[in-house]
Every structure is written in structure tokens, then in C-alpha cells.
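**Student:** have a look; sequence and predicted model below, questions after that.
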Amino acid sequence: MHVPFCSIVPPYLLRRLALQDAPEFSSAANAARNALGHVESFQAARARAVPALPPGLRQVKPGPVNRTVFDAGDEETLPGRMVREEGGPATGDAAANEAYDGLGHTHRLYADAFGRDSVDGRGLKLDATVHFGRLYDNAFWNGTQMVFGDGDGDVFERFTKSVSVIGHELAHGVTQYSAGLAYRNQAGALNESMSDVFGALVEQFVKNQSAGQASWLIGEGLFTPKVQGLALRSMKAPGTAYDDDVLGKDPQPDSMDSYVRTSTDNGGVHINSGIPNRAFYLVAAALGGRAWEAPGRIWYETLTNGSLPSAATFTVFARATIRVAADLFGPETREHDAVRAAWETVKVKV
Amino acid sequence: MKIKVERTGGIAAMTRVWTVDAQTDRDLSHWQPIVEACPWDAVPNTLRAAAVAFEAPQPDRFIYSITAGQRRAALPEQALTGPWRILVDSARAAAEESSGGGASPGADANGPA
């Protein structure tokens, strides 16, 4: 029998391989998923004349993590003084160590679950600055690195305390290097939701929690004990993360019925993200097991396969996830059904 | 002259407002130079205009809406430099000092709301 020296593996086979869950198949499954992404983005490019992702964005074998942590010393100048390099010993500073560990966990999730080599898919060095500003109540991604404040000690503790927040900031980098979702209105709320989804997945991955065991909270442990609240947001029950005399109540809607129109917060990007956040939770809850597997795979492919426009609305994104679920798992499978049902529950028209 | 600083956005998306009401001659002589030092005509005056002026926003950063008398400005945190930073930091410090029982009459800090 003649064995072809070189052949293109057909998409249906890549799909089957991509579905292999056993650990011994994981590298093959990752490779298949990557190749499938190539094939599908190539097909998409041919069909719609949309440029496919550069091949470098989908490496088969992710490289090792390369982290550097800096200390801004309560100033607002970046990156600050280098305090820990890759492989270096732990410092005496909890914030620096939490940032270092969180970067490692996040890198590992993308490598192991999705075959992605760091934030940009090309082994980007991961830099983080801690102790940014004085009593600074925030964490952000500035386009090239993560930045964490210490909190004011009254409402917020230091922002490195939550692995989901570290994962959230790095996911902004992944979005920037893939779909490039605009940071405004519905596209901005999707950008925020991607960060909450992958932030939550990093935390579940580290704790090895199933969808049923996970808290689905973003930023758990950031509030001081004075605050009546569990976290910044709840993906499982948007609008219930806090209800405090001083802070007020968590303003997130849990379906399109309560979508918030506002000019603040870039058009409510941190508010309306509750809707797609809950859709992801519903898919994970329906499928059970590890959320970074089938549900995470569907969301990751949707974000990175090159077909999502930067101005995507909730409807455009929802349709894309349904299409990806059918491509990866087959039409009318439980995965495909779970995704369709989730968007119906949060009342996003598809 | 009423000075109001509203901070929105941030990963927690909690709005904070700091206000200063400068009424006496002594207050006005303190606040007017700080306000006048800012180039009000050179920056956007609404959040929408700021979104257009500052493309490629940095995810999770704060956004500031500032009013002083009839003047208005809207700036992302990364553009809050020089005299703007002095104005915002001064207003916040005065408002927080006032709400904490300090000696800045007319200033008020509305905690996250």
C-alpha cells in the first residue's frame, strides 16, 4: 500500500482528533486543534476574502514561559525596578510573587488547553508591574504589560490576590492579538467578557475545579472584610456579586432584557459583559466537567480563528460560537445544543 | 466655583465622585490658578468625544470627567498629566480631607457609588 509522504489531514479527522480528551492524546489533540484552526481560517479567508491569521499565531508546540516582575514603588512610572526574572527565587514581597505565579498559571492554561504560545501566540515575554501608584484601586493591561495596584486598604486589597484578575488582564492581551475587539459598547463588553471567561478558566485550571465546583466569581478576595460582597462580578449570577451600603449594588444585567445603555465606562463594557459571561457559564454548567475543555475550546476558537470582526455585536459573537461548536463537535451534538440554549436563555438573538 | 471630578471605568467599574465648592475669596484664590493652568480648549469635553480622540483605549483604565464652573473635560487616565493631574489630585485630596473631618470647607467625597 502506498503511503503518501505528505498529505493534508482532512478537517473531519482533525475535528475527531481535537476532541480526544485522554491525557495521552492531549498533545495530538492540541496539534489537531491548531491545524484545524489553520484549515478553517484558510477556508474562511478563501470564502470571504478575509486575511487569515499569520501562521506564527498558531504554533504547534508552545515554548516555555518568560516572566519578569517589576516594582513601581508606589510611583506611576512603568515598568519600574525589576524584582524577579524567570527562574529567579521568590522575593519577600507577596504581590511580586503572586504576579509571577499568576503569569505562570495563565501561560500554562493557554499552552496546555489551547496550544497557544503566550499572549500573542509567538512566545511574548510576560511583564507585570506591582505596587503601581499610591493606594491605587485598579489593575489594567496597557497594551504591552500588566499593571497592579495595592488597593486603598479600605474597599480593595491588592489586586494580585485574585488569580482570575491576573488571567483577566492577560486575556486582554490575547484579545488584542487575535480578534482585536474594539473597547466600546457591545464589542467592548465582549472584550471584557473574554477577559472574565479566560480569567475564570485560569483560576479553575489552577484549582482543578469542575464547572460545578467553581465559584464563577471574578476578583474573589479583593474586597476588604468591611465590604458586603464576594467579588467584582459573578458569571453564574450577574448582578449579585456585591450589595453594599457604600458601594451600592452590582449593576450587571443577566440578559438582554436588562441591557444597560450608558456613555460611562466606554459604553458599559464592564456592565453588559454580564450577559455573555452568563452565556459561557450556562454552556459550562450544561456540559459539566472542566470548563476549559469543550466550553473553553469553543470560546477560544471563536476569539482566535480570524472570523470575528473587531466591531462584533453580541449577536455576531453568539452566531460565531454556535458555528464553531458545530464545526468542532458536529451539528446537533450536546455541545452545539448547549451553546444555542445558552444564548436563548440570556435573550441574545441569533 | 464648583469643581467636580468623576472617575468611571477600571476593572471594578465603580464610579467615584469628588467635589469641591470654592466660595470664599480665600478658596477661589487657591483653586483658580489650579483650574486656569489646565488647557480646557485643547481636550475633549464629553466621554464620547474622548473615546474618538483617544483611539486604542487601554483596557480597564479609569476615565475622568472633570467640571470646573462652566468648563468640562473628559480624559482617560493615561492622558491625565501635568496640570490635569494636579487638579484631580488636589480636588480628590480636598474632598477626602473634608469628608474625613479635615479643614477644607465645601469639599465632599462621595465614596464609590
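**Tutor:** Structure's in. What do you need?

**Student:** what is the subsequent helix or strand relative to the helix or strand hosting residue A:97?
**Tutor:** Using DSSP states H and E, residue A:97 sits in helix A:94-114. With elements assigned by DSSP H and E, the helix or strand that comes after helix A:94-114 is strand A:126-130.

**Student:** near chain B, anything from that next one?
**Tutor:** No - among the residues of strand A:126-130, none lie within reach of chain B under CB under 8 Å from any CB of the partner chain; the closest is 13.4 Å away. To be clear about C-beta, it is placed using only N, CA and C from the backbone, and glycine gets the same treatment.

**Student:** just the angle between that strand and helix A:94-114, please?
**Tutor:** Strand A:126-130 and helix A:94-114 meet at an angle of 150 degrees, taking axes from the mean of the first three to the mean of the last three CA atoms, to 10 degrees as the criterion.

**Student:** ok, and what's touching strand A:126-130?
**Tutor:** Strand A:126-130 is contacted by residues A:65-72, A:78-80, A:93, A:95-96, A:99-100, A:102-103, A:106-107, A:118-119, A:144-148, A:150, A:158, A:160, A:166, A:170 when judged by CB atoms under 8 Å, 6 or more residues apart in numbering or on different chains.

**Student:** how many residues are close by the nearest residue to residue A:288 once chain neighbours are set aside?
**Tutor:** Leaving aside its sequence neighbours, residue A:288 sits nearest to residue A:211 (CB to CB, 6 or more residues apart in numbering or on different chains; 5.9 Å). By other CB atoms under 10 Å in any protein chain shown, the residues close to residue A:211 number 21.

**Student:** am I right that residue A:211 is in contact with residue A:290?
**Tutor:** Yes - in this structure, residue A:211 is within contact of residue A:290 by CB atoms under 8 Å, at 7.2 Å.

**Student:** look up phi and psi at the residue in chain A that chain B sits nearest to.
**Tutor:** Nearest residue of chain A to chain B (CB to the nearest CB) works out as residue A:270 at 3.4 Å. Here is the backbone geometry of residue A:270 (degrees, to the nearest 10): phi -90, psi 0.

**Student:** which of the contacts of strand A:126-130 count as buried?
**Tutor:** A:65-72, A:79-80, A:93, A:95-96, A:99-100, A:102-103, A:106-107, A:118-119, A:145-148, A:150, A:158, A:160, A:166, A:170 (16 or more other CB atoms under 10 Å in any protein chain shown).

**Student:** count the neighbours of the residue in chain B that chain A sits nearest to for me.
**Tutor:** Nearest to chain A in chain B, going by CB to the nearest CB, is residue B:13, at a distance of 3.4 Å. Residue B:13 is flanked by 23 other residues according to other CB under 10 Å.

**Student:** the one 5 residues further on too?
**Tutor:** Neighbourhood size, residue B:18 [other CB under 10 Å]: 25.

**Student:** need the nearest residue in space to it, chain neighbours excluded.
**Tutor:** Using CB to CB, 6+ apart, the closest residue to residue B:18 is residue B:95 (3.7 Å).

**Student:** now do residue A:75
**Tutor:** residue A:133 (7.4 Å).

**Student:** now swap in residue A:149 and tell me
**Tutor:** residue A:136 (2.8 Å).

**Student:** please identify the helix or strand for that neighbour.
**Tutor:** Per DSSP H and E, there is no helix or strand for residue A:136.

**Student:** follow-up on the earlier one: joint contacts of residue A:211 and residue A:290?
**Tutor:** Common neighbours of residue A:211 and residue A:290, using CB under 8 Å, 6+ apart, are residue A:204.

**Student:** before we move on, back to that, contacting residues around the residue nearest to residue A:149?
**Tutor:** By CB under 8 Å, 6+ apart, the neighbours of residue A:136 are A:76, A:149, A:150, A:151.
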